[in-house]
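Trainee: fold the following, please.
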Amino acid sequence: LAVSVAIYYVWRTMFGVASMFIDLTESFAELGFLAISIAFAGAAYLYVKERLTIKPSKLYRMAMTRLNTSPSVLDITGAPLTGSHLQASVLSGGGMRMKGMNLKLRSRRLHMIFPIEGPEARGIVSIEAKKKKGKHQFKLLAVDIVSKEGQEQRIFLDGNESYYTR
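Mentor: Okay, the predicted model is just below:
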């Protein structure tokens, strides 16, 4: 409903402004300005959707880049690390909530796990991320590593134990 009202308002405003400067036939101008208004609404929708959507494939690539450049992970697993496209991910959150007298938009969160393997060890990567102001942010990026000798170790690149256990 709000989009329809916005389209109508933009359409009538553009027609009114244009008719002050040039003489337009009613039907031709109305249809042209209606098409332009719909195009503006579509572009605004696509922009907002892109700013709010979390893409698991992008977060996977970002995590693999961080892991392959982390000395603490590479010391244990060896280089290069390879990831698997076998992933489990869940989107949660989002929506609106009231905080005091203000209406707030909640960020969506992505929780993901996937296996990695290096020459000397293998492990499971845990991610919790959200998108704020159009940019992905890791709240948790942790690796549970099991070496070939059977030693287990958890390394946090972002976040800490409190994010991991909640």
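Trainee: what number of residues lie near A129?
Mentor: A129 has 25 neighbours, counted by other Cβ atoms under 10 Å. Using the backbone N, CA and C atoms, a C-beta is placed for each residue, glycine as well.
Trainee: in contact with it: list those residues for me.
Mentor: I54, L59, R109, L110, M112, H136, Q137, F138, K139, L140 (Cβ atoms under 8 Å, 6 or more residues apart in numbering).
Trainee: just the pLDDT for F114.
Mentor: Note on F114: pLDDT of 92.
Trainee: that one sits in which helix or strand?
Mentor: Here F114 is covered by strand 108-117, with elements defined by DSSP states H and E.
Trainee: what's that strand packed up against?
Mentor: On a contact count with 3 or more Cβ pairs under 8 Å, 6 or more residues apart in numbering; DSSP states H and E, strand 108-117 meets helix 56-68, strand 82-83, strand 88-93, strand 121-132.
Trainee: any chance of those in TSV, with mean pLDDT and distance to W11 too?
Mentor: Below are the helices and strands packed on strand 108-117 laid out as TSV (pLDDT from 0 to 100; distance: least, Cβ to Cβ, whole Å):
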stretch	mean pLDDT	distance to W11
helix 56-68	87	36
strand 82-83	83	49
strand 88-93	81	35
strand 121-132	87	32
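Trainee: can you redo these as CSV with distance to V10?
Mentor: Shown next, in CSV, are the helices and strands packed on strand 108-117 (distance: least, Cβ to Cβ, whole Å):
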stretch, distance to V10
helix 56-68, 33
strand 82-83, 46
strand 88-93, 32
strand 121-132, 28
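Trainee: relative to S37, which of those is closest?
Mentor: Each of the helices and strands packed on strand 108-117 has some distance to S37 by Cβ to Cβ; the shortest is strand 121-132, at 28.7 Å.
Trainee: within the sheet, what are the partner strands of that closest one, with directions?
Mentor: Here strand 121-132 is paired, per DSSP bridges, with strand 108-117 (antiparallel), strand 135-147 (antiparallel).
Trainee: got the phi/psi numbers for L81?
Mentor: Phi and psi for L81, reported as degrees, to the nearest 10, are phi -90, psi 140.
Trainee: alright, I will stop here.
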